[in-house]
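J.: After the sequence you'll find the predicted model.
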Amino acid sequence: MKFYLIAGERSGDLHGSNLIKQLKQREPDAQFRGFGGDYMHEAGMEEVVHYRELAFMGLAEVLANLRTISKKIEQCKRDILQYKPDVLVLIDYAGFNMRIAKFAKSNGIKVYWYISPKVWAWNQSRAWKLKSNVDRMFVILPFEKDFFKKFDWNVAYVGNPVLDAIKAHKPSPDFREKNDLVATSRVVALLPGSRQQELKKIIPLMTGVAAKMPDVQFVVAAVGNLEQELYDDLKSLDNVKFVHDAAYDLLTIADAAIVTSGTATLETALFRVPQVVVYKTSALTYWIAKLIIKVPFISLVNLVANKEVVKEMIQQKASVEEVSAALERIMNDGSYRENMLNEYDSIIGILDTGSASENTAKLMLQYLKE
């Protein structure tokens, strides 16, 4: 059985790798090829293109790189036709994958989608396009199943792969010592994101916050495959340390966190670390987003809870003064902190329905053999 998979960012790469492992357990002779990253490659996928070649974020950045994206789409189409997979498995990454889904469907290739595009957030009519081009949808947020019912589409809720990854994580017992973190110091994790565009906007903000709180130990969850010069502002501060590709170990010992909106907000909540969510983008992208976004929150934590659990500091509100004040409250207001942790426990209860990658692998193989 031949699978062609496409993931366009780090989180999709991680969840794709776990899905590959589960599929291989059930189909040892299965073959895997596609677009992804280091995790999927290590799990056994033949990598055609690494996702870092496609990691463009925001409307302005995408428009500036349209030619590159178009070339990769055409390369992907040619490769799929040459490979002749039994099924195309798309993982999130809506802009690119919706084009590939339509192409594959028109060429008689079965299309499965794991981790739905966030069509519930904006331009909800895209759900009709998904339905017409995707044979099976596997969603990871409970409210997505109800959303797609509005479009007369019965999709499968399989659980959440972020929770799977966290359950499987084995913390490094000597993480503090290895990274020279004082046992008595409060640790604030800084998770600025995994895309270059994110870091350019968020690193100056995080630098300003850390500079205002010299008695707190800030630790940056840096991403190894990004240009390290992007972190230079933070490197100038004595109370800032760095760990590379070790965000889960960092969250295991963190007392609080400042997190760029995205999957990392949910990861932080599942580690039960109180957090402030921040987000900044170009003025054009933000202006357009304000016009079209259909949901009241940007963080997955608040979306799953369907209420404000964590503070979201967006664009102008993502200032050094306001983020510092929110962080101080998390660290010093015991009842506020405890309430946030209790809400986290409720979210964990909602998401915990067994292994998402295992559930998805079972269903995919069942559907393929029907």
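T.: Yes, it's here.
J.: A strand includes Ala221, no?
T.: Yes. The secondary structure assignment for Ala221 places it in a strand, going by DSSP: H, G, I helix; E, B strand; the rest coil.
J.: Quick check: Tyr51 vs Leu230, distance?
T.: Distance of Tyr51 to Leu230, computed by Cβ to Cβ, to the nearest Å: 17 Å. All C-beta atoms are positioned from the backbone trio N, CA, C, and that covers glycine.
J.: I'd like to know which elements the strand or helix carrying Gln197 is packed against.
T.: Here Gln197 is covered by helix 196-212, with elements defined by DSSP states H and E. Here helix 196-212 is seen to pack against strand 187-191, strand 217-222, helix 232-235, strand 256-260, helix 320-332 when contacts are counted using 3 or more Cβ pairs under 8 Å, 6 or more residues apart in numbering; DSSP states H and E.
J.: need the next SSE after the helix or strand of the chain with the lowest mean pLDDT, C-terminal direction.
T.: Least confident element among the helices and strands of the chain, by mean pLDDT, DSSP states H and E: helix 59-64 (a mean of 59). The helix or strand immediately downstream of helix 59-64 is helix 66-83, counting by DSSP H and E.
J.: Check which residues of that next one are buried.
T.: Applying a neighbour-count criterion of 16 or more other Cβ atoms under 10 Å, one finds 69, 72-73, 76, 79-80, 83 buried in helix 66-83.
J.: Give me the mean pLDDT for the helix or strand following that helix.
T.: Later in the chain than helix 66-83, the nearest helix or strand by DSSP H and E is strand 87-91. In this model, strand 87-91 has a mean pLDDT of 98.
J.: Of Tyr51 and Leu230, which one has the most company?
T.: For Tyr51 against Leu230, the residue with the higher neighbour count under other Cβ atoms under 10 Å is Tyr51, and the figures read 24 against 17.
J.: quick one: that one and Leu14 touch, right?
T.: No. Tyr51 lies out of contact with Leu14 (Cβ atoms under 8 Å); the separation is 10.9 Å.
J.: Show me the domain layout of the protein.
T.: By the assignment in automatic domain parsing, the chain contains the domains 2-159+353-369, 168-351.
J.: Tell me the span between the first and last residue of the first one.
T.: Criterion Cα to Cα, to the nearest Å; first-to-last residue distance in domain 2-159+353-369 is 13 Å.
J.: show me what contacts Cys76?
T.: Contact analysis of Cys76 by Cβ atoms under 8 Å, 6 or more residues apart in numbering lists 6, 35, 48-49, 96, 100.
J.: Among those residues, name the ones in helices.
T.: With helices identified by DSSP state H, the entries of the contacts of Cys76 that belong to them are 96, 100.
J.: and which of the buried residues of helix 66-83 is nearest Arg136?
T.: Ile80 (17.5 Å; Cβ to Cβ).
J.: can you tell me the helix or strand for the nearest residue to that closest one once chain neighbours are set aside?
T.: Using Cβ to Cβ, 6 or more residues apart in numbering and skipping residues adjacent in sequence, the residue nearest Ile80 is Tyr4, 5.6 Å away. Here Tyr4 is covered by strand 2-7, with elements defined by DSSP H and E.
J.: Give me the angle between that strand and helix 66-83.
T.: Using axes from the mean of the first three to the mean of the last three Cα atoms, to 10 degrees, the interaxial angle of strand 2-7 with respect to helix 66-83 works out to 170 degrees.
J.: Mind listing what's buried along the very next helix or strand once past strand 2-7?
T.: Downstream of strand 2-7, the next assigned helix or strand under DSSP H and E is helix 10-26. By neighbour count with 16+ other Cβ under 10 Å, helix 10-26 contains the buried residues 10-24.
J.: from those residues, which is closest to Val310?
T.: Ser11 (18.5 Å).
J.: how near is that closest one to Val240?
T.: From Ser11 to Val240 the distance is 25 Å (Cβ to Cβ).
J.: can you give me the helices in the stretch 101-250 of the chain?
T.: 126-133, 142-149, 161-168, 175-178, 196-212, 232-235, 247-253 (DSSP state H, counting those that start in this stretch).
J.: mean confidence score for the first one?
T.: For helix 126-133, mean pLDDT is 95.
J.: Give me the residues contacting it.
T.: If you take Cβ under 8 Å, 6+ apart as the criterion, helix 126-133 is touched by 94, 98, 101-102, 104-105, 111, 113, 116-117, 119-120, 137, 147-148, 150-151, 153.
J.: Show me which parts of that helix are buried, residue by residue.
T.: Along helix 126-133, the positions that meet the burial threshold by neighbour count (16+ other Cβ under 10 Å) are 126-127, 130, 133.
J.: same question, the longest one
T.: Neighbour counts over helix 196-212 (16+ other Cβ under 10 Å) mark 196-199, 201-203, 205-207, 209-211 as buried.
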